[in-house]
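# Sequence first, then the predicted structure, then my questions.
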Amino acid sequence: MITAIQEREAHTDTGQSYEKPVLVIQGLVKAFGNRRAIDGLDLILERGSCLALLGPNGAGKTTTIRAILGLVRPTSGSIAVFGLDHNTNLAAIKARIGVVPQMDNLDPDLTVLENLLVYASYFRMDRSLARERAEELLDFLALRNRRDEIIQNLSGGQRRRILLARSLINRPELLILDEPTVGLDPQARFLIWERLLNLQAKGTTMLLTSHYMEEVSRLSSQVVIMEQGKKIASGSPDEIVSSMIGTEVIEMEASDLELERLREKLQGCHVSLEPVGNGKIFIYVHEECSEIRELLSSSRRLLKRPATLEDLFLRLTGRDLRES
Amino acid sequence: MKHVQASLIGNLGQPFLFLLAMGFGLGRTIPEIEGLTYLQFIAPGLVASAVMYSAAFEATYGSYTRLSTQGTFDGILMTPVNVSQLAMGEILWGATKGLISGLIMLAAMPLFGVIPSLWIVLVIPVLMIAGILFASMGIVMTATASNYEYFNYFTSLLITPFFLFSGIFFSLSSIQGPVAPVLRCLPLTGVVNISRGLAYGRLSSDLLFDLLFLLGYTLLFLLLAIRLMERRLVQ
Ligand SMILES: Nc1ncnc2c1ncn2[C@@H]1O[C@H](COP(=O)(O)OP(=O)(O)O)[C@@H](O)[C@H]1O
Ligand SMILES: [Mg+2]
């Protein structure tokens, strides 16, 4: 994983690699009433990297983002962005951030271009500069032929692209993406990922929330898994998967009795067994051993595959469907 | 653009209809008040009420839509704009719409045979201030609303009584007893007095008092509106 970071640094201005982190959150707590939406969160986001906040609905991802933008007042803890104090420099901070919000808040009565221009005016951007950037962004996000259409008439995928275009109007150093591709079809999602990777290559720092593991693995260099306002794991995607659940997963069917027998048999191995319902079990393999090889060569029906972020996520946050 | 048209017709309809019904209909049977025909008497107050209706409407229904369903305010607050600037923007926008309604009413007065004096030019800044006052009241409601029905209270319990009891339709000097000071203190009363005074060139030191009162109200509600928006938008 170190190589990925080095690669990233090679793309960015080398002078910037040793700068202060773009974002430092320390001991952040936010209580709504007596319920803690964020409960003692620490985060560091280095310049040029992409950090993904991963967590089930209600984990506190959006609240964290709103706190960074000063839309939620922390109950305690501190937030520093670009090394600036949050309380006194909020406007200056926000001038250097771009946000794709979870909820679509484009102006439905305006055209695509008008939406971009009105937004630019909030940054007190010169009209001709705004126009130039807007046209550029329409090209970048393949929206050229939608330029003069009213937002109301556009699809979900197009609106998400407009939101991304809008977030880039001020050339942000930090781009915050709150579930940027939620509800999109694979084509639309792919286009957005491709553009985001392009921006990363140019050095844009990103904070991403998502519950699409594929999105997180493709885009982020660092993952923080959140649950109920707390960080429950963090690291590079590959690193945390291999350190927390292993490199491979074996899926197989087994009765309770067989499960017990397997447990005994694999006692000496560095593996963990987890029943996942419907008589199925997953064996997470941290390290190959002879017993595992024996199992694999037996005639049983089983599936061996690499461990993914999804395995880790489900393992940590539970498999049962729930809203916390 | 069609929204602008719809809201202008909606908010101007009422003062115009009152001018017709009360001025032409009822007015024929009413003797002169304070040396004016009834139509002349009510016309300047109806200009003031047009400002109130348009400004209050925009700052409630209009602003609440941007706050809630469209999420516009959330989007704006992700830029360097802060909550007080946002609230000020909404208030000035509502006030501007109010002023436009007032000016349309004013321009239409000659059609009804009401020719104001030249002093009326001075009413324009006063109507703008009135716009700011009623838009601020609207924003106070918007900042505390959880649905559109909530604005019915505002309309029925405040705006309509202001319209009926601020001396647009009857002379407040004829009212005696404990209600007199209450009516005198309604926020629209001063605007009505100033409008009428300027319309017919009847200036008096009372109007200065009315103006100070109006400015006081405006400042109070402006600050309250910003404060409550802050509470609403930054949790
Ligand atoms: N303004 C608010 N008032 C009360 N509770 C809130 C508010 N905003 C968020 N919450 C609660 O905080 C928790 C975290 O929400 P959120 O940050 O939106 O989660 P996520 O984005 O991870 O899905 C949820 O339980 C949510 O209901
Ligand atoms: Mg969220």
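That came in fine, so what should we check first? Ligands and ions are numbered 1, 2, ... in the order given.
# any idea which residue sits dead centre in chain B?
Residue closest to the average C-alpha location in chain B (Cα atoms, centre = their mean): residue B:52, at 1.6 Å.
# Distance check, it against ligand 1.
Applying Cβ to the nearest ligand atom, to the nearest Å, the value for residue B:52 to ligand 1 is 33 Å. For the C-beta atoms, the positions are set from N, CA and C on the backbone; glycine is no exception.
# Find the helix or strand that that residue is a member of.
helix B:38-57 (DSSP states H and E).
# For that helix, buried residues please.
By neighbour count with 16 or more other Cβ atoms under 10 Å in any protein chain shown, helix B:38-57 contains the buried residues B:38-57.
# The residue nearest to the centre of chain B and residue B:163 touch, don't they?
Yes. Residue B:52 lies in contact with residue B:163 (Cβ atoms under 8 Å); the separation is 7.3 Å.
# Between those two, which contacts overlap?
residue B:188 (Cβ atoms under 8 Å, 6 or more residues apart in numbering or on different chains).
# For chain B, give the helix that spans the most residues.
Among the segments of chain B that qualify as a helix by DSSP state H, the longest is helix B:205-233.
# hmm, that one in reach of ligand 1?
No. Against ligand 1, helix B:205-233 shows no contacts by Cβ under 6 Å from any ligand atom, the least distance being 10.4 Å.
# Just the CA atoms of stretch B:20-27, as CSV, please.
C-alpha atoms of stretch B:20-27 as CSV (Å, rounded to 0.1, in the frame of the first residue of the first chain):
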residue,chain,number,x,y,z
LEU,B,20,-62.6,48.6,-5.7
ALA,B,21,-65.1,47.1,-3.3
MET,B,22,-64.5,49.5,-0.4
GLY,B,23,-63.5,52.6,-2.3
PHE,B,24,-66.1,52.5,-5.1
GLY,B,25,-68.8,50.4,-3.5
LEU,B,26,-68.9,51.2,0.2
GLY,B,27,-67.2,54.6,-0.3
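# Buried residues of the helix or strand harbouring residue B:164, list them for me.
Assessed by DSSP H and E, residue B:164 sits inside helix B:160-165. Buried residues in helix B:160-165, counted by 16+ other Cβ under 10 Å: B:162-163, B:165.
# again, but for stretch A:263-279
Neighbour-count burial for stretch A:263-279 [16+ other Cβ under 10 Å]: A:266, A:269, A:271, A:274.
# Check those residues and tell me the two furthest apart.
The span of those, defined through Cβ to Cβ, is set by A:269 and A:274 at 14.5 Å.
# what about the closest residue to chain B within the stretch 151-300 of chain A, distance to residue B:223?
Closest residue of the stretch 151-300 of chain A to chain B, Cβ to the nearest Cβ: residue A:170 (7.7 Å). Remark: distance between residue A:170 and residue B:223 (Cβ to Cβ, to the nearest Å) = 31 Å.
# With residue A:198 instead?
Distance from residue A:198 to residue B:223, counting by Cβ to Cβ: 47 Å.
# Which parts of the stretch 101-250 of chain A are strands?
Remark: strands assigned in the stretch 101-250 of chain A by DSSP state E, counting those that start in this stretch are A:174-178, A:205-210, A:222-227, A:230-235, A:248-253.
# can you list those in JSON lines and add mean pLDDT and distance to residue A:186?
Below are the strands of the stretch 101-250 of chain A laid out as JSON lines (pLDDT from 0 to 100; distance: least, Cβ to Cβ, whole Å):
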{"stretch": "strand A:174-178", "mean pLDDT": "96", "distance to residue A:186": "18"}
{"stretch": "strand A:205-210", "mean pLDDT": "94", "distance to residue A:186": "15"}
{"stretch": "strand A:222-227", "mean pLDDT": "90", "distance to residue A:186": "22"}
{"stretch": "strand A:230-235", "mean pLDDT": "87", "distance to residue A:186": "28"}
{"stretch": "strand A:248-253", "mean pLDDT": "85", "distance to residue A:186": "24"}
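# what about the residue in chain B that ligand 1 sits nearest to, how many neighbours?
Nearest to ligand 1, among the residues of chain B, is residue B:235, at 4.5 Å (Cβ to the nearest ligand atom). Neighbourhood size, residue B:235 [other Cβ atoms under 10 Å in any protein chain shown]: 13.
# can you check residue B:212 too?
Residues near residue B:212, counting by other Cβ under 10 Å: 11.
# residue contacts, it?
By Cβ under 8 Å, 6+ apart, no residues touch residue B:212.
# hang on, the earlier thing: settle it for me: which of residue A:170 and residue B:223 has more neighbours?
More crowded of residue A:170 and residue B:223, by other Cβ under 10 Å: residue A:170, with 22 against 12.
# Relative to residue B:94, how far out is the more buried one?
From residue A:170 over to residue B:94 the distance is 28 Å, taken as Cβ to Cβ.
# Next to chain A, which bits of chain B? Give me the list.
Contact residues (Cβ under 8 Å from any Cβ of the partner chain) of chain B with chain A: B:3, B:70-72, B:74-82, B:233-235.
# Point out the least confident one among those residues.
The member of these with the lowest pLDDT is residue B:3, and it reads 61.
# Residue A:92 sits in which helix or strand?
Assigned by DSSP H and E, residue A:92 belongs to helix A:90-94.
# rewinding a little: after the helix holding residue B:52, which helix or strand is next?
The helix or strand immediately downstream of helix B:38-57 is helix B:63-67, counting by DSSP H and E.
# Quick check: next helix or strand after that next one?
Reading on from helix B:63-67 to the C-terminus, the next helix or strand found by DSSP H and E is helix B:72-76.
# What residues sit buried inside the next helix or strand along the chain from that following helix?
Heading C-terminal from helix B:72-76, the first helix or strand you meet, by DSSP H and E, is helix B:83-108. In terms of neighbour count (16+ other Cβ under 10 Å), helix B:83-108 has its buried residues at B:83, B:86-88, B:90-91, B:93-106, B:108.
# on that earlier part again, can I get the helix holding residue B:164 in CSV? Just the C-alpha atoms.
This file holds the C-alpha atoms of helix B:160-165, laid out as CSV (Å, rounded to 0.1, in the frame of the first residue of the first chain):
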residue,chain,number,x,y,z
THR,B,160,-55.0,40.0,8.5
PRO,B,161,-55.5,41.9,11.8
PHE,B,162,-52.7,44.3,10.7
PHE,B,163,-54.6,44.8,7.4
LEU,B,164,-57.9,45.4,9.1
PHE,B,165,-56.9,47.4,12.2
